[in-house]
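S.K.: Build me a model:
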Amino acid sequence: MDLSRGLENLPVTVWPRLLEPLEFQYSPDHVAVGGGGPDPSEISIPGCSCWSASCLVSTCSCFRYGENYNNSFIKCEGNELNYSKPVFECNTMCQCGELCQNRVIQRGLQFRLEVFKTAKKGWGLRTLEFIPKGRFVCEYAGEILDFKEACRRIQLQTSSDSNYIIAIREHMSDEQIIETFVDPTYIGNIGRFLNHSCEPNLFMVPVRIDSMVPKLALFADREISAGEELSYDYSGRYHNYLPEKDQEKLQQANRSEKPCYCGAKLCTGFLPYDSSIFYKEDTASCAKET
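M.R.: Numbering: from 1, shown residues only. Purely as a prediction, here's the structure:
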């Protein structure tokens, strides 16, 4: 069985074979919600004019913030994968070839992944093959919401419901904050099966290709063995830059009532939750945040 219904480069298997996750509509990409949120399929970023198989950092306009990848590995300083600069890939409007070094996320899955039933955490996602440190693993894709719709959906949830909504907050150099809300509950990809870990093996980077709506790309933080469960930090503290004032908010954040079963040595015991980040216009809500 292929959970992606042929929409990914590689089939996504399910274990046990006779079980299947609750039905949802599979989409490898973000989708728009009628009347709420921007349209992620709208091409709004101009392309480069590099008439070459692969773009050069010194001449390509897509490298406005520097080189993003090195042989498909996310580029970092030294040995640390602490990624904070904006990432723009070459896009549909670019003149370069499909094998350009600045096209990684858009190529889709490169490793065989499997959705499987865990002992305590419901469904999870694991790799069926070795993944080197720094390689792209998968996206977290779903419906793109505006803040009002995200609040409405969260308020409809009960204590027994799983929360898939994630809020991405990007801090710009001019102190502007760009927020993106993604919900793969009803329409989404395999990223919806990723569980939280207090010591995860993936970290998330917003990547822009055709649209200013970012792809939520997950990269390997370390070498990951075949059969190992894939996870990321729902709180967003892992390998993400945050101003000091926001770090203080996270340190003062309330613990959720849902226990964490990640099994990490430094496990906090509860899943992350910070209601203050989403407190706006006298409306409180909670979501995964990074």
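S.K.: Tell me the secondary structure at Thr180.
M.R.: Secondary structure, DSSP: H, G, I helix; E, B strand; the rest coil: Thr180 is strand.
S.K.: shouldn't it be in contact with Phe147?
M.R.: No: at 10.2 Å, Thr180 and Phe147 do not qualify as touching, with contact defined as C-beta atoms under 8 Å. For every residue, glycine as well, the C-beta is placed using N, CA and C.
S.K.: Just want to know which of the two has more residues nearby.
M.R.: Thr180 (22 against 17; other C-beta atoms under 10 Å).
S.K.: All the helices of this structure, residue numbers only.
M.R.: 147-155, 244-251 (DSSP state H).
S.K.: Let me know the average pLDDT across the shortest one.
M.R.: The average of the pLDDT scores along helix 244-251 is 48.
S.K.: One more: stretch 49-63?
M.R.: Per-residue scores along stretch 49-63 average to 94.
S.K.: Not counting it itself, show me its contacts.
M.R.: For stretch 49-63, the surrounding residues in contact (C-beta atoms under 8 Å, 6 or more residues apart in numbering) are 46-48, 66-67, 88-91, 94-97, 99-102.
S.K.: Just the buried subset of the residues you listed, please.
M.R.: Gly47, Cys48, Phe88, Glu89, Cys90, Asn91, Cys94, Cys96, Cys100, Gln101, Asn102 (16 or more other C-beta atoms under 10 Å).
S.K.: Might you specify the subset of those residues located within strands?
M.R.: Under the assignment DSSP state E, the buried ones among the contacts of stretch 49-63 contribute Phe88 to strands.
S.K.: tell me the two of the buried ones among the contacts of stretch 49-63 that are most distant?
M.R.: Gly47 and Gln101 (15.5 Å; C-beta to C-beta).
S.K.: ok now do Leu7, which residues does it touch?
M.R.: Tyr26, Ser27, Pro28.
S.K.: Redo the residues you listed as JSON lines? Include pLDDT, neighbour count and distance to Arg135.
M.R.: JSON lines is the format used below for the contacts of Leu7 (pLDDT from 0 to 100; neighbours: other C-beta atoms under 10 Å; distance: C-beta to C-beta, whole Å):
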{"residue": "Tyr26", "pLDDT": "97", "neighbour count": "20", "distance to Arg135": "23"}
{"residue": "Ser27", "pLDDT": "97", "neighbour count": "17", "distance to Arg135": "23"}
{"residue": "Pro28", "pLDDT": "97", "neighbour count": "17", "distance to Arg135": "18"}
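S.K.: could I get these as a markdown table with distance to Phe136?
M.R.: Formatted as a markdown table, those follow (distance: C-beta to C-beta, whole Å):
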| residue | distance to Phe136 |
| --- | --- |
| Tyr26 | 19 |
| Ser27 | 18 |
| Pro28 | 13 |
